[in-house]
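Student: I need the structure of the sequence given here:
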Amino acid sequence: MNPAFDARQFRDAVGWFTTGVTIITTRSIEGAPVGITANSFGSVSLDPPLVQFSLDRRALSLTAFRSFGHFAVSILAEDQQGLSARFAKPGGDKWRDVDFETWGSGCPVLRGVLAALDCRTEAIHEGGDHLIFIGRVLRLEARRRGRPLLFSRGIYHTLGERLGIADVPIVPLRAGGEEAVFCGLEPWFAA
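Tutor: Below is the predicted model of the structure:
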């Protein structure tokens, strides 16, 4: 049965849901660091501690995420929109001058982020044109204080002085690549 709406209408509707922004990392088969920008991250369970993210089946990094068996999540602060944009693009030298460390899994964990989680992949589920990765959190750290970088309706946002009241757009995002896990929506005010 075909729904009574098209893909654009669906994207516009779900684009109203505001999310945080993360960098999800792993290692390639050769051991090179791999990373993507994702707003599809969320918690699944407290006991055991499980999280999830989804990844487009066409993403260049899909093989690495499927084969390495671990991933790390770095939750970005409002001043890290440049880092988000860098990892949203496919290819290129994403890792030049990026400060990171590795924990038990061997995945890169970015320094200077709000929080970080090191995860073992527990399951990978079918999800239409995406795969849904479920990870068990092995280690986590709150790295610094600050406000999160937010994403809604195709642009970055920050929290104002009063949560959710003075939401101010920062920079339109035009990821334009399959590595980005953003919805890819145009801002509501765009022509």
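
Student: make it CA atoms for all contacts and neighbour counts henceforth
Tutor: Noted.

Student: Let's verify Tyr83: helix, strand, or coil?
Tutor: Careful, residue 83 is Leu and not Tyr. Going by DSSP: H, G, I helix; E, B strand; the rest coil, the secondary structure assigned to Leu83 is helix.

Student: Do you know the pLDDT at it?
Tutor: Leu83 is assigned 95 on the pLDDT scale.

Student: That one: how many residues sit nearby?
Tutor: Using other C-alpha atoms under 10 Å, Leu83 has 17 neighbouring residues.

Student: Tell me the spacing between it and Gly31.
Tutor: 22 Å (C-alpha to C-alpha, to the nearest Å).

Student: now the strands for this protein?
Tutor: Using DSSP state E, the strands found in the chain span residues 19-20, 22-27, 33-38, 42-45, 50-56, 70-75, 100-102, 108-110, 115-127, 130-142, 150-152, 155-158, 168-172.

Student: The second one: which residues count as buried?
Tutor: If I follow you right, that is strand 22-27. Buried positions in strand 22-27, judged by neighbour count with 16 or more other C-alpha atoms under 10 Å: Thr22, Ile23, Ile24, Thr25, Thr26, Arg27.

Student: doesn't Ala72 make contact with the third one?
Tutor: Yes. Counting by C-alpha atoms under 8 Å, Ile24 touches Ala72, with 5.7 Å between them.

Student: partner residues bridging the spatially most central residue of the chain?
Tutor: In the chain, the centroid-proximal residue (C-alpha atoms, centre = their mean) is Ala38; its distance is 1.6 Å. Using DSSP bridges, the beta-bridge partners of Ala38 come out as Thr22.

Student: Distance check, it against Gly104.
Tutor: Taking C-alpha to C-alpha, one finds Ala38 at 22 Å from Gly104.

Student: Now do the same contact list for the closest residue to Gln80 other than its chain neighbours.
Tutor: The shortest distance from Gln80 to any non-neighbouring residue, by C-alpha to C-alpha, 6 or more residues apart in numbering, is to Leu149 (7.2 Å). Applying C-alpha atoms under 8 Å, 6 or more residues apart in numbering to Leu149 gives the contacts Gly20, Val21, Leu76, Ala77, Glu78, Asp79, Gln80, Gln81, Tyr156, His157, Thr158.

Student: Of those, just say which sits nearest to Ile124.
Tutor: Closest approach to Ile124 among the contacts of Leu149 (C-alpha to C-alpha): Val21, at 21.1 Å.

Student: Surely the closest one is in contact with Ile75?
Tutor: Yes. The criterion here is C-alpha under 8 Å, and Val21 meets it with Ile75 at 6.3 Å.

Student: quick one: common contacting residues for these two?
Tutor: With C-alpha under 8 Å, 6+ apart as the test, Val21 and Ile75 both reach Pro148.

Student: Need the per-residue pLDDT for the closest residue in space to Arg27 that isn't next to it in sequence.
Tutor: Once flanking residues are discounted, Arg27 sits nearest to Pro33: 4.7 Å by C-alpha to C-alpha, 6+ apart. On pLDDT, Pro33 comes in at 97.
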